[in-house]
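need a structure here:
(2 chains)
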Protein chains: 2
Amino acid sequence: MGTRGEVEGAQAEIRRRNLSRLLQELHVSRPLSRSELAARLHLDRSTVASLVAELAARGIVQEHHRSNSIPQSPGRPSPVVELRRDGPGALAIDLATDWMGAAVVGLGGKVIVSTRREASLSNSKPEKVVEDLGSLVRPLLASLENGPRIVAIGVSVPGLVRSEDGRLHEAPALGWRNVPIGQLIRNEFADLDVPVFVGNDADLAASAEHLRGSGRGTTDFICIWGEGGLGAGIVVDGRLIGGSAGYAGEVGHVTVDPDGDLCHCGARGCLESVVGEEALLRRSGRNPMGGTAAIEDLIAAADRGDKAALSALAESGRGLGIGIAGLVNIFNPNRVSLGGLYARVYPYVRAPILRELEKRAMPAPRAMVDLVTVRLGNALLLGAAELALAPLLNDPAIMSLQQEPAPSDANDVPETFASRAPGLLAQG
Amino acid sequence: MGTRGEVEGAQAEIRRRNLSRLLQELHVSRPLSRSELAARLHLDRSTVASLVAELAARGIVQEHHRSNSIPQSPGRPSPVVELRRDGPGALAIDLATDWMGAAVVGLGGKVIVSTRREASLSNSKPEKVVEDLGSLVRPLLASLENGPRIVAIGVSVPGLVRSEDGRLHEAPALGWRNVPIGQLIRNEFADLDVPVFVGNDADLAASAEHLRGSGRGTTDFICIWGEGGLGAGIVVDGRLIGGSAGYAGEVGHVTVDPDGDLCHCGARGCLESVVGEEALLRRSGRNPMGGTAAIEDLIAAADRGDKAALSALAESGRGLGIGIAGLVNIFNPNRVSLGGLYARVYPYVRAPILRELEKRAMPAPRAMVDLVTVRLGNALLLGAAELALAPLLNDPAIMSLQQEPAPSDANDVPETFASRAPGLLAQG
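Below you'll find the model as predicted:
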């Protein structure tokens, strides 16, 4: 049912896709036996054996036989496939307004080592920030023993990132504009000689939460992220949306009150200017630039029952509810998750948000949406690692072969039949 | 590089995908020679010949040799492949507040016959509307000579449609709630014995405009549709978004003024209640329920320079600009297209929309978005036809074989090798 050229192209593509699916399954799951993998991926066991042999030869997975398990089915026990601890991993970096963080993250979202320094990055020179980052990260890398080989760097920044080349177009909260942050970081870590990928903080948080946290199992998921500014990462039909250049998700600058307060962006009544961190602090009588410490103080006051604190939080909740109701009408999501600042103040904003949803979201989409908070403590770093590891997960063959693949089972098609016998694509 | 089961599954899947790609190319393009098809689809000529033979045997395409063309390359002239006029097609139906329309549409988006009846459907019983529709459509079907075979019915409705089963959850403008409109139409046209697919009007307009009109060539496209109500069809990375149940795109119910006028939906200050047809008519001093006639009267007044008309239109433009700016920040689209009412009043709302975009959309996404109007005169019917024909375009083999495929070229792989010789997948 197809010509030879068609079939040959298909072969390579199907192989790549199946390698990718198998690695992705181990990445989001746990160690799995070959037969579990076969069942989950709807592949036969000999195909799974051949795929696993290739991933092992590329230094990504290893197999072992379960020692003290009771055989659940007759026949040979199926070996268990797991990600190698010394396999490929990412250096994840998180640049925020009030801190910088870094971690080495292996496949499977395993954080091997991490570090964080509290420091205001706002209005610092990008070159100086990257230099400081170098001094923070080098001891971390030096401490790695038997850890992952770093194959890429992922960076989270609170701003608009051009997807094409990772250039930071604008990060108002940092006071940065048009900064080649990926290039600066690549130069700082030139000795690693790996590609650098840069993403927007809310997008990365959404991607990590969708994979492993509060968005798991949903198809349509919105993660609202407030940390200084306010943005969202939006997953539609399982995929994070980027827009035509990567700037999508700037829900903080949707107008919710046309004659409201002036926003940093120059417009009036943006969601961020109504319910962002500064507005919340100002409304509660605190210094709008007080940052994390002021927010902690506000929460402590609310915990004591302070009326001004409670009323400021309720007002922010109302504004946030108006914004979320709009997103529910636009996207019909399964779940909306609040992260950053909004996760910390959730007990105080939940009720007013739900009230506005009741009033403003259409009944049909409202009836099917959950409101929750993020679950991962380090969504930004995990999201940055996902971004860095995506090319590998999409095509595991970018890891070079460290050895010949192990001989496969008797009923496997020989590993190399296609390249050795180009005229013969499969044999009976 | 793969086991036998892997390859066999891949074969059928690749064949289906290539048949689909080839038919899709003819569907959005024009008649193309085999060599043009090979170049556009990156397939070799023998594969294209085999695919075309199958589509011809299924009664979808036909081939002819160009008669009076000058050969552009040495060798045999490549036959031209075109969609058959008597091939598969759709019955497209458009139920709006002020009219009902229908058309028979062939592959390629070719409208063969169409009809329309002006009639207020608001608050009519769905059963009565469908009966009237039957009396409108029967003569149309009877007039078809040598036209397409109708393989599916597509229906556009101004309301929330559950994607799973096409049930109309709610159409406020029609006063309908929870109507199994697809089933009613299927019963009315039981003699055709074809499936019925139902979609939201703005979604269908967006899909047709993206394929053949103002959104052609874009990846991220928003079509704002105002006809009675106000909604949008939103294309993200080439695909129309539906949300978890198909209710996405209800931008008319995003709050733009928290304390604004009460909307039909029960909330205050929705975009629709601020800039929809009724608000525009009321603001200009006309009967808000005046419908199309009142809108024409308003436009005529504006054309004469009537101040009240111009000011009402400018105010609607401002509100619409606020809403569109939010969508630009959320979606970072290449293009926003205005349809329905907003296309008709475009000359009067364009400037105020652009002013709000300038004030409220972030500079980076704003710089890359165009504002235009829809181009197709019949986007709803064409979109309904696309919806109906999508299963066929995705898998052309659902059309049964009318004859054995024509003998293929000498260097083709025999058509039936996979089924006749299951152990042997391809031969050299």
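
residue contacts, the spatially closest residue to A:Leu387 that is not a sequence neighbour?
Distance criterion CB to CB, 6 or more residues apart in numbering or on different chains; nearest residue to A:Leu387, sequence neighbours excluded, is A:Gly154 at 4.2 Å. (C-beta placed from N, C-alpha, C; glycine too.) Contacts of A:Gly154 were listed using CB atoms under 8 Å, 6 or more residues apart in numbering or on different chains, and they are A:90-93, A:196-199, A:204, A:383-389.

count of residues packed around A:Val328?
By other CB atoms under 10 Å in any protein chain shown, the residues close to A:Val328 number 27.

ok, now A:Met289?
As a burial measure, A:Met289 scores 12 neighbours (other CB under 10 Å).

tell me the secondary structure for the closest residue in space to it that isn't next to it in sequence?
Once flanking residues are discounted, A:Met289 sits nearest to A:Glu278: 7.1 Å by CB to CB, 6+ apart. On the three-state scheme (DSSP: H, G, I helix; E, B strand; the rest coil), A:Glu278 is labelled helix.

test my guess that A:Glu278 contacts A:Gly290.
No - A:Glu278 is not in contact with A:Gly290 according to CB atoms under 8 Å; the separation is 9.1 Å.

okay, these two: which has more neighbours?
A:Glu278 (22 against 17).

any idea how far the more buried one lies from A:Pro172?
11 Å (CB to CB, to the nearest Å).

same question, A:Asn378
To A:Pro172, A:Asn378 is 24 Å away according to CB to CB.

same thing with A:Leu327?
Counting by CB to CB, the gap from A:Leu327 to A:Pro172 is 21 Å.

does A:Ala232 touch A:Leu327 like I think?
Yes - look at A:Ala232 against A:Leu327 with CB under 8 Å: they come within range, at 7.2 Å.

hey, what's in contact with both of the two?
Joint contacts of A:Ala232 and A:Leu327 (CB under 8 Å, 6+ apart) are A:222, A:251.

compare those two (neighbour count), which wins?
Shown here are A:Ala232 and A:Leu327; by other CB under 10 Å, A:Ala232 has more neighbours (30 against 23).

check what pLDDT the closest residue to chain B within the stretch 301-428 of chain A gets.
Residue nearest to chain B within the stretch 301-428 of chain A (CB to the nearest CB): A:Asn332, separated by 2.5 Å. On pLDDT, A:Asn332 comes in at 97.

with the one 3 residues further on instead?
At A:Arg335 the predicted local confidence, pLDDT, stands at 98.

got it, and A:Gly9?
Residue-level pLDDT assigned to A:Gly9 equals 71.

can you list the helices and strands that the helix or strand hosting it packs against?
Assigned by DSSP states H and E, A:Gly9 falls within helix A:4-28. With contacts taken as 3 or more CB pairs under 8 Å, 6 or more residues apart in numbering or on different chains; DSSP states H and E, helix A:4-28 sits against helix A:34-41, helix A:45-57, strand A:80-83, helix A:379-394, helix A:417-420, helix B:4-28, helix B:45-57.

the third one packs against which elements?
Going back to what we said before, that points to strand A:80-83. helix A:4-28, strand A:32-33, strand A:61-64.

ok, back up a step: in what helix or strand does the residue nearest to A:Leu387 lie?
According to DSSP H and E, A:Gly154 maps onto strand A:149-157.

how far is that strand from where the chain is centred?
The chain centroid and the centroid of strand A:149-157 are separated by 12 Å under CA atoms, centre = their mean, to the nearest Å.

is chain B contacted by the helix or strand just after it?
Using DSSP H and E, the helix or strand that follows strand A:149-157 in sequence is strand A:160-161. Yes - on the criterion CB under 8 Å from any CB of the partner chain, strand A:160-161 is in touch with chain B at A:Leu160.

residue ranges for the helices of the stretch 151-300 of chain A, please.
Ranges of helices in the stretch 151-300 of chain A, per DSSP state H, counting those that start in this stretch, are A:181-188, A:201-212, A:271-275, A:277-283, A:291-303.

quick one, which of those helices is nearest to B:Ala397?
Closest approach to B:Ala397 among these (CB to CB): helix A:201-212, 34.9 Å.

cool, thanks, talk later.
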